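Engineer: Sequence and predicted structure are below.
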2 protein chains.
Amino acid sequence: MARVRQERAEITRQAILNGAAIAFDRSGFGGTSLSDVVKHAGVTKGALYFHFPSKEALARSLMGEQFQVSQDIPAMEDPGLQTVIDLTHQLAAGLRSNVRVRAGIRLVIEFGSFTHPDPSPYNAWIDTCVHCLTPARDRGDIMPSHDVYDLSTFLVGSFTGVQVTSHVRTGREDLHARVVDLWNYLLPGIVPARRMHLFDPAGSRACRAELGLTTTAATPATPAATD
Amino acid sequence: MARVRQERAEITRQAILNGAAIAFDRSGFGGTSLSDVVKHAGVTKGALYFHFPSKEALARSLMGEQFQVSQDIPAMEDPGLQTVIDLTHQLAAGLRSNVRVRAGIRLVIEFGSFTHPDPSPYNAWIDTCVHCLTPARDRGDIMPSHDVYDLSTFLVGSFTGVQVTSHVRTGREDLHARVVDLWNYLLPGIVPARRMHLFDPAGSRACRAELGLTTTAATPATPAATD
């Protein structure tokens, strides 16, 4: 009985988060009321308050979801530079197809960057990149002159802005191409020329297959050395 | 007489924009009321309405100011890649020292990217970059394989995100260093190796002198070719 009740509670909690994601994605933190959430979630206001004490608690929960992926990384075998490339493509695909990812990222940028500035989502992403790029540098995939923490900070900032720009200019239609560009421009400045062939700016074969990306032949990054 | 009246009107208009900038920089579009603007500007509500019909008109005016710099570019002799590098450092300095720049950029990102998505500020910056990078590519400073429009789109997106991240993580304390990083990572992937020595990722000497930057010896970008 307790287990059934627990499962039912989790279903309700997920319905509330889905409803909140739809509302936040459309109207942002300031433009969303708890009545909107209740309407989109199809639950009672009582159920909502049972799970989340406030609109801010809902927002924090959705922002936190963006970084669940980080928790899976330590378990990953052999994280490296291609892992980070693939993560950016996975997040880009999530932004296009998953309203909870979209709502979370909108909240991080609007609410979490200006209304209530909170560096923790950015820091969580930076830590994930550092976790992947430290072994990458150790094995010679990143130029030894680069500081892995600064490089990770740049990657997180750059990706954040690239996806906002793609959102406002094309409704994220061009997001995959813009992320491929990011890596094409960047790889020659961070990867030693002799290691460039190891990385695919359009995502690894496994990543492209998982995301159903039709880009079978990725444009290889142009190493500065050949020009 | 008419001229005196016109000058006085312009002084009032500027006072209103300064007051609005202080309010928007602190509280964003949603958190600012016209009473806040009147209070910070030291003008009457009547004077405010004479110049600006609405809060949105104030926001649009401040967002538009971010792109006045673009209008000076066509007059510039010999725009090129270093012009774009210097522009990013000028904007970074403006974000740290000028509340009108800060308010304008906060409005572009919050209000203009999500609340009322409007690509025109982003497109104006992209056009400025294209205007500088097209002659740069013609003279061999940009690899011929790169599309100048896509590269400009990346630069605008990347800079946008780098400054948001610096704002939320360090209150923009580290912004200059993060913009130097951006160019250090990026230049080897966009500039032919033989032309790398022509560009300074920390800003040209004239730019650094104008902005009072103490970085006299800039870290040269590491060309991929040497590694």
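Structural biologist: Yes, it's here. Numbering: from 1, shown residues only, chains lettered A, B, ... in the order given.
Engineer: tell me the domain ranges of chain A?
Structural biologist: A:2-60, A:66-226 (automatic domain parsing).
Engineer: Point out the most buried one among these.
Structural biologist: The highest average neighbour count among the domains of chain A, using mean count of other CB atoms under 10 Å in any protein chain shown, belongs to domain A:66-226 at a mean of 19. In this view, the C-beta of every residue, glycine as well, is placed from N, C-alpha and C.
Engineer: Could you check how far it is from the centre of its chain?
Structural biologist: Distance, stretch centre to chain centre, for domain A:66-226: 8 Å (CA atoms, centre = their mean, to the nearest Å).
Engineer: pLDDT on it, on average?
Structural biologist: Averaged across domain A:66-226, the pLDDT comes to 88.
Engineer: what about stretch A:160-174, near chain B?
Structural biologist: Yes - using CB under 8 Å from any CB of the partner chain, stretch A:160-174 reaches chain B at A:Thr160, A:Gly161, A:Val162, A:Gln163, A:Val164, A:Thr165, A:Ser166, A:His167, A:Val168, A:Arg169.
Engineer: Skipping its backbone neighbours, what lies nearest the residue in chain A positioned nearest to chain B in space?
Structural biologist: Closest residue of chain A to chain B, CB to the nearest CB: A:Gly161 (2.3 Å). In this structure, A:Gly161 finds its nearest non-sequential neighbour in B:Gly161, 2.3 Å apart by CB to CB, 6 or more residues apart in numbering or on different chains.
Engineer: List the residues that contact the one you found.
Structural biologist: A:Val156, A:Gly157, A:Ser158, A:Phe159, A:Thr160, A:Gly161, A:Val162, A:Val164 (CB atoms under 8 Å, 6 or more residues apart in numbering or on different chains).
Engineer: In this structure the third one contacts B:Ser158, no?
Structural biologist: The one in question is A:Ser158. Yes - A:Ser158 is within contact range of B:Ser158, at 4.1 Å (criterion: CB atoms under 8 Å).
Engineer: what helices or strands is the helix ranked longest in chain A leaning on?
Structural biologist: In terms of residue count, the longest helix belonging to chain A (DSSP state H) is helix A:2-27. Helix A:2-27 sits against helix A:34-41, helix A:45-51, helix A:55-65, helix A:99-110, with contacts defined as 3 or more CB pairs under 8 Å, 6 or more residues apart in numbering or on different chains; DSSP states H and E.
Engineer: how much space between A:Arg26 and B:Phe159?
Structural biologist: Going from A:Arg26 to B:Phe159 by CB to CB, to the nearest Å gives 28 Å.
Engineer: Kindly provide the distance from the residue most central in space within chain A to A:Val162.
Structural biologist: In chain A, the centroid-proximal residue (CA atoms, centre = their mean) is A:Leu91; its distance is 4.0 Å. Separation of A:Leu91 from A:Val162 (CB to CB): 11 Å.
Engineer: and what of A:Pro144?
Structural biologist: According to CB to CB, A:Pro144 stands 27 Å off from A:Val162.
Engineer: Kindly report the same for A:Arg139.
Structural biologist: 27 Å.
Engineer: May I have the residues that are in contact with A:Asp141?
Structural biologist: By CB under 8 Å, 6+ apart, the residues touching A:Asp141 are A:Gly80, A:Leu81, A:Val191, A:Pro192, A:Arg195, A:Leu198, A:Phe199.
Engineer: Give me the common contacts of A:Ser158 and B:Ser158.
Structural biologist: Contact criterion CB under 8 Å, 6+ apart; residues bridging A:Ser158 and B:Ser158 by contacting each: A:Leu182, B:Leu182.
Engineer: and the angle from whatever helix or strand A:Ala92 lives in to helix A:99-110?
Structural biologist: Here A:Ala92 sits within helix A:81-97, counting by DSSP states H and E. On the basis of axes from the mean of the first three to the mean of the last three CA atoms, to 10 degrees, helix A:81-97 is oriented at 100 degrees to helix A:99-110.
Engineer: ok, and the closest non-adjacent residue to A:Gly30?
Structural biologist: Once flanking residues are discounted, A:Gly30 sits nearest to B:Gly30: 3.8 Å by CB to CB, 6+ apart.
Engineer: Sorry, slip of the keys, the one I care about is A:His146.
Structural biologist: Closest to A:His146 by CB to CB, 6+ apart is A:Ile190, at 6.0 Å.
Engineer: my read: the one you found touches A:Leu151, true?
Structural biologist: Yes - A:Ile190 is in contact with A:Leu151 according to CB under 8 Å; the separation is 6.4 Å.
Engineer: Common neighbours of those two, please.
Structural biologist: Both A:Ile190 and A:Leu151 are contacted by A:Ile142, B:Tyr185, under the criterion CB under 8 Å, 6+ apart.
Engineer: could you pick out which of the contacts of A:Asp141 are near chain B?
Structural biologist: Applying CB under 8 Å from any CB to those, those adjacent to chain B are A:Val191, A:Pro192.
Engineer: Just put the contacts of A:Asp141 in JSON lines and tack on secondary structure.
Structural biologist: Formatted as JSON lines, the contacts of A:Asp141 follow (DSSP: H, G, I helix; E, B strand; the rest coil):
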{"residue": "A:Gly80", "secondary structure": "coil"}
{"residue": "A:Leu81", "secondary structure": "helix"}
{"residue": "A:Val191", "secondary structure": "coil"}
{"residue": "A:Pro192", "secondary structure": "coil"}
{"residue": "A:Arg195", "secondary structure": "helix"}
{"residue": "A:Leu198", "secondary structure": "helix"}
{"residue": "A:Phe199", "secondary structure": "coil"}
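Engineer: who's in contact with A:Ser61?
Structural biologist: Residues in contact with A:Ser61 (CB under 8 Å, 6+ apart) are A:Leu17, A:Phe52.
Engineer: Now do it against A:Ala21, distance only.
Structural biologist: In this view, A:Ser61 and A:Ala21 are 10 Å apart by CB to CB.
Engineer: same check, this time on A:Leu175
Structural biologist: 18 Å.
Engineer: what does A:Arg205 give?
Structural biologist: Distance, A:Arg205 to A:Ala21, using CB to CB: 31 Å.
Engineer: Helix, strand, or coil at A:Gly31?
Structural biologist: coil.
Engineer: Tell me if I'm right that it and B:Thr115 touch.
Structural biologist: Yes - if you go by CB under 8 Å, A:Gly31 and B:Thr115 touch, sitting 7.2 Å apart.
Engineer: Spatially nearest residue to A:Ser152 (excluding sequence neighbours)?
Structural biologist: A:Cys129 (3.5 Å).
Engineer: List of residues touching the host helix or strand of the one you found?
Structural biologist: In the assignment (DSSP H and E), A:Cys129 maps to helix A:120-138. The contact list for helix A:120-138 (CB under 8 Å, 6+ apart) reads A:63-64, A:66-67, A:69-70, A:73-74, A:78-81, A:83-84, A:87, A:108, A:112, A:142, A:144, A:146, A:148-149, A:151-153, A:155-157, A:160, B:165, B:168-169.
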